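In: structure, please.
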Amino acid sequence: MILAARGSGRVVYRAAVRVPIGVHTGLQHTTVDELFDLWDRIEELGFDWISIWDHFYAADLSSADCLEAVASHAALACRTRRVRCGSLVYCAGYRHPAVLANAIATIDHLSGGRAEVGLGAGWAVNEYQAYGIAFPPAGERLDLLEESVQCVRSLLHQEVTDIAGRHFTLTDARCEPRPVQAKVPVWIGGGGERRTLRIAARWADGWNVPFISPDDFEHKRAVLASHCAEVGRDPAEIRCAVNVGLALDEDHLRAQFGDIAEVVRPGVLIGPGAALVDSVGRYTEAGADQVNVALRAPWSLAGLEALAGAMDELAPRPEP
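Out: Here you go, the predicted structure:
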């Protein structure tokens, strides 16, 4: 973990062992070649994780210019050699969970056993409406998520699956060839304290939330722990991660996020390299097991390079 050492009146975060730092790569307004170059550089810089999102349109609702998620996840698995290959998160309303589970099992083979899969309830109503996908109220979408994660988890973790739910029925269902990993980690994404975190407490191997402050992350992690107590589960079994923005200064923040800059500001790392590491340290103090930098095109590598350099200076990576 990253430990806090006080000096000259401020906290500087130093560590012998650091938490995994990942990069979440949005698929809007970019090309396959640009993504390949980005993923190559992320691995070169020593980051531990790369993930993709699941949208049909740009997440800022500006256009329909967005690469598809499952195909991009497979490309990520083939292009990289070391990082964990994640998804934050697949929308439960867009695909039958058996279709998704089979795709993830194949992606695990493509990556040599580095795949992880995240699921969420979905929110981009414009995408649902454009493609004629039903967009029920939040409670129903969360019901669908809870059934979906059970189906995906069982298909990936068990030899045979039998589930009779309201939305999905699986009978003597198999996902073969089996994944390379004995258990592909299954994540739940979102910060809803009443339902989403309860679903994570019961079914997830990992929980991820975007663009919140360290204080809010600590609070939600405590809510997750309370749900774990209710279902009789050790919260330490669930890996807790946060997605954060990264900006070198205020102008860079506004250039990336435009009209929503103030909304995401609590969850954006801002400043030169040492300040970025300090911010990561505050999240680890709040209980984060992993911190992911969320990037959107046009890609700016200056912040990533500053963060990577500062992390190596304060907490060098062990020799392989």
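In: run through the helices of the stretch 151-300 of the chain in chain order.
Out: 196-203, 214-231, 250-257, 261-264, 273-285 (DSSP state H, counting those that start in this stretch).
In: a markdown table please, covering these and showing distance to H167, mean pLDDT and mean neighbour count.
Out: C-beta here means a position set from N, CA and C on the backbone, and glycine is covered the same way. What follows is the helices of the stretch 151-300 of the chain, written out as a markdown table (distance: least, C-beta to C-beta, whole Å; pLDDT from 0 to 100; neighbours: other C-beta atoms under 10 Å):
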| stretch | distance to H167 | mean pLDDT | mean neighbour count |
| --- | --- | --- | --- |
| helix 196-203 | 14 | 98 | 24 |
| helix 214-231 | 21 | 98 | 17 |
| helix 250-257 | 35 | 79 | 15 |
| helix 261-264 | 32 | 89 | 14 |
| helix 273-285 | 35 | 89 | 21 |
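In: ends of stretch 121-141, how far apart?
Out: Criterion C-alpha to C-alpha, to the nearest Å; first-to-last residue distance in stretch 121-141 is 5 Å.
In: check which residues of that stretch are buried.
Out: For stretch 121-141, a neighbour-count test (16 or more other C-beta atoms under 10 Å) marks 121-122, 124, 127-128, 135, 141 as buried.
In: what does stretch 208-215 rub up against?
Out: 88-89, 118, 187-191, 217, 220, 240-245, 263-264, 266-268, 282-283, 285-286, 292, 294 (C-beta atoms under 8 Å, 6 or more residues apart in numbering).
In: export that stretch as CSV, just CAs?
Out: This file holds the C-alpha atoms of stretch 208-215, laid out as CSV (Å, rounded to 0.1, in the frame of the first residue of the first chain):
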residue,chain,number,x,y,z
ASN,A,208,-15.7,0.0,-8.9
VAL,A,209,-17.1,3.6,-8.7
PRO,A,210,-16.1,6.6,-10.8
PHE,A,211,-15.3,10.3,-10.0
ILE,A,212,-15.9,10.6,-6.3
SER,A,213,-13.7,12.1,-3.6
PRO,A,214,-11.6,10.0,-1.2
ASP,A,215,-14.1,10.9,1.6
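In: buried residues, that stretch. List them.
Out: 208-214.
In: repeat for stretch 182-201
Out: 184-192, 195-201.
In: so how far does that stretch reach from one end to the other?
Out: OK, stretch 182-201 end separation, C-alpha to C-alpha: 21 Å.
In: kindly indicate which of the buried residues of stretch 121-141 lies nearest A75.
Out: Closest approach between those and A75, by C-beta to C-beta: E127, at 21.0 Å.
In: helix or strand for the closest one, which one?
Out: Take DSSP states H and E as the rule and E127 turns out to sit in helix 125-130.
In: what does that helix contact?
Out: So helix 125-130 is contacted by 55-57, 61, 64, 93, 122, 133-135 (C-beta under 8 Å, 6+ apart).
In: try 10 Å this time
Out: With contacts defined as C-beta atoms under 10 Å, 6 or more residues apart in numbering, helix 125-130 is touched by 54-59, 61, 64, 66, 91, 93-94, 122, 124, 133-136, 141.
In: so how far is that helix off the chain centroid?
Out: 22 Å (C-alpha atoms, centre = their mean, to the nearest Å).
In: can you check stretch 28-42 too?
Out: 18 Å.
In: pull out the buried positions in that stretch.
Out: Buried residues in stretch 28-42 (16+ other C-beta under 10 Å): 28-30, 35, 38-39, 41-42.
In: in CSV, list those along with secondary structure, pLDDT and distance to G303.
Out: Shown next, in CSV, are the buried residues of stretch 28-42 (DSSP: H, G, I helix; E, B strand; the rest coil; pLDDT from 0 to 100; distance: C-beta to C-beta, whole Å):
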residue, secondary structure, pLDDT, distance to G303
Q28, strand, 93, 19
H29, coil, 92, 18
T30, coil, 95, 17
L35, helix, 97, 18
L38, helix, 97, 13
W39, helix, 98, 16
R41, helix, 97, 12
I42, helix, 97, 12
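In: dump the residues you listed to TSV, plus distance to H227.
Out: Below are the buried residues of stretch 28-42 laid out as TSV (distance: C-beta to C-beta, whole Å):
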residue	distance to H227
Q28	33
H29	37
T30	37
L35	36
L38	36
W39	35
R41	38
I42	33
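In: nearest to A164 among the residues you listed?
Out: In terms of C-beta to C-beta, no member of the buried residues of stretch 28-42 lies closer to A164 than Q28, at 38.1 Å.
In: so the nearest residue to the closest one once chain neighbours are set aside, which of the three states?
Out: For Q28, ignoring the flanking residues on the chain, the nearest one in space by C-beta to C-beta, 6 or more residues apart in numbering is A58 at 3.9 Å. Secondary structure assignment for A58 (DSSP: H, G, I helix; E, B strand; the rest coil): coil.
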